[in-house]
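Engineer: sequence first, predicted coordinates after that:
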Amino acid sequence: KGARLSCNVTLPGRLLVLVPKQREITLSRRIVDEDDRARLTATMAQVMARPGMEPLGVIMRTAALKAPLEELCADVDALMDLWKAIQVRGRMMNKPGILHRDLDAVQRCLRDTVDEETVRVLIDCPLALGAARAYAERVMPDAAAKIVAFRGPHPLFDLHNVEAQIETLLQPRAGLPSGGWITIETTEALTAIDVNSGSYTAGSGLEATSVVTNMEAAAEIGRQLRLRGIGGVIVVDFIHMTDPGNIQKVLDTLNQSLCEDRVPTQMSGMSQFGLVEITRKRVREPLDKLLTEDCSPCRGSGRMRTVATVANAALRRIVREARANPGRKLVAYAAPDVVAWVQGLGEETMRIVRLRLGAEVRWEARCEFSRDSFDVAVDAR
């Protein structure tokens, strides 16, 4: 496995990745057109040949494909300044410490997903809104005006049904339009995806049923891999088909679904048993690893939500109850470890939380509550 600690420093920007310990200009493997690769390499060589530029390595991201020369210059200059600042801090420090911290989740999302097609970015937290606007004005000024505060009668996650979608992503089964489904199971070695037609039956026979279900599954698999953050080796077990033309249609649909991925992904052909192998680079922990943990009572055979996940779900419930009962004090009942986590946030953090919630809240531990259980009510005291 690759080492988690490395001296090969990389500093990602919106268009480029600066690699201070190298000297080459390289391009993302997702840029496949030879004319584009030649043009970008020549353009970047021109950028790096400007007076005063250090001979450092860069990797050009796919976002650089349509970027004008001025934006490339601005991105590399910002990364150069960051690298110089890191070096200065390193020389000044006389004991171990942090020289540089990566962007937070909101800023990473802005850097990696916002482009000219983005209409607006809604943020309902004043602190995150200010940080996002400051980052955009510094790095991507054209996008700063698209970042707006969300003000509505309901929480932003409720408006877009985000929590329900997250819950769905934590389940092994994902539904398909025709009534079939795919089952996703991850083991130590690989992730297995099984395609099932369920009760759906096409009028023209078994082959037609298989084609319809497999086409829907192929279109959905790329989306599920991206949303769940699944990497490594993935094996898809499609429903058996006999017609080579139908097999190719399913493979083309799967390839198109995978091509929408920013993460390097490759796929094989279909074996005689209906199996397709996919490899996807691991760039972060899978969603279920981030939001759940091994359940000690079942010795890791199942999953349970982390304390932080349950506490944040309770806080979101409190927001809804506070809006439904303005001016009333609330009480939150939860398992002891969840209450302890909330109370361990510290007084300053709790003050910010109270301002954010818009209500006074008393937390009460209930030993009979399981980790996942909580309740919020108007405090009768």
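Structural biologist: Structure received.
Engineer: show me where the stretch 1-150 of the chain has helices.
Structural biologist: In the stretch 1-150 of the chain, the segments counted as helices under DSSP state H, counting those that start in this stretch are 34-48, 69-92, 105-113, 126-139, 141-144.
Engineer: correction: the previous question concerned the stretch 251-381 of the chain.
Structural biologist: Under the criterion DSSP H, counting those that start in this stretch, the stretch 251-381 of the chain contains helices at 287-291, 307-324, 336-343, 347-357.
Engineer: could you give the mean pLDDT of the last one?
Structural biologist: So the one you mean is helix 347-357. Averaged over helix 347-357, pLDDT sits at 79.
Engineer: which other helices and strands does it contact?
Structural biologist: If you count contacts as 3 or more Cβ pairs under 8 Å, 6 or more residues apart in numbering; DSSP states H and E, helix 347-357 packs onto helix 307-324. The C-beta positions use only the backbone N, C-alpha and C, and glycine is treated the same way.
Engineer: report the buried residues of the helix it packs on.
Structural biologist: Neighbour counts using 16 or more other Cβ atoms under 10 Å place 307, 309, 310, 311, 313, 314, 315, 317, 318, 319, 321, 322 of helix 307-324 among the buried residues.
Engineer: the fourth one and residue 170: what is the separation?
Structural biologist: Same thing as residue 311. 17 Å (Cβ to Cβ, to the nearest Å).
Engineer: one more: the second one?
Structural biologist: Between residue 309 and residue 170 the computed distance is 10 Å (Cβ to Cβ).
Engineer: for residue 63, same thing?
Structural biologist: Residue 63 sits 30 Å away from residue 170, going by Cβ to Cβ.
Engineer: okay, these two: which has more neighbours?
Structural biologist: More crowded of residue 63 and residue 170, by other Cβ atoms under 10 Å: residue 63, with 20 against 14.
Engineer: residue contacts, the closest residue to that one other than its chain neighbours?
Structural biologist: Nearest residue to residue 63, sequence neighbours excluded (Cβ to Cβ, 6 or more residues apart in numbering): residue 15, at 5.2 Å. For residue 15, the contact set (Cβ atoms under 8 Å, 6 or more residues apart in numbering) comprises 60, 61, 63, 64, 67, 71, 72, 75.
Engineer: surely the third one meets residue 114?
Structural biologist: If I follow you right, that is residue 63. No - between residue 63 and residue 114 there is no contact under Cβ atoms under 8 Å: 9.9 Å.
Engineer: for the stretch 201-350 of the chain, which segments count as strands?
Structural biologist: 232-237, 265-270, 275-280, 292-294, 303-305, 330-334 (DSSP state E, counting those that start in this stretch).
Engineer: output those strands in CSV; the columns should cover mean neighbour count.
Structural biologist: Listed next are the strands of the stretch 201-350 of the chain as CSV, based on neighbours: other Cβ atoms under 10 Å:
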stretch, mean neighbour count
strand 232-237, 18
strand 265-270, 16
strand 275-280, 18
strand 292-294, 15
strand 303-305, 17
strand 330-334, 21
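Engineer: closest to residue 143 out of these?
Structural biologist: strand 265-270 (26.7 Å; Cβ to Cβ).
Engineer: from the contact counts, what lies against the closest one?
Structural biologist: Strand 265-270 packs on helix 244-259, strand 275-280, going by 3+ Cβ pairs under 8 Å, 6+ apart.
Engineer: ok, residue 24 - contacts?
Structural biologist: Each residue near residue 24 by Cβ under 8 Å, 6+ apart is listed here: residue 57.
Engineer: doesn't residue 57 make contact with residue 18?
Structural biologist: Yes - using Cβ under 8 Å, residue 18 is in contact with residue 57, at 7.5 Å.
Engineer: on that earlier part again, for residue 213, find the nearest of the helices of the stretch 1-150 of the chain.
Structural biologist: helix 105-113 (30.9 Å).
Engineer: name the residues of the closest one that come out as buried.
Structural biologist: 106, 107, 110, 111.
Engineer: can you lay out the residues you listed as a markdown table showing pLDDT and distance to residue 136?
Structural biologist: Converted to a markdown table, the buried residues of helix 105-113 look like this (pLDDT from 0 to 100; distance: Cβ to Cβ, whole Å):
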| residue | pLDDT | distance to residue 136 |
| --- | --- | --- |
| 106 | 91 | 10 |
| 107 | 91 | 9 |
| 110 | 92 | 6 |
| 111 | 89 | 9 |
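Engineer: return the member of the residues you listed nearest to residue 155.
Structural biologist: Looking across the buried residues of helix 105-113 and measuring by Cβ to Cβ, the closest to residue 155 is residue 106, at 16.6 Å.
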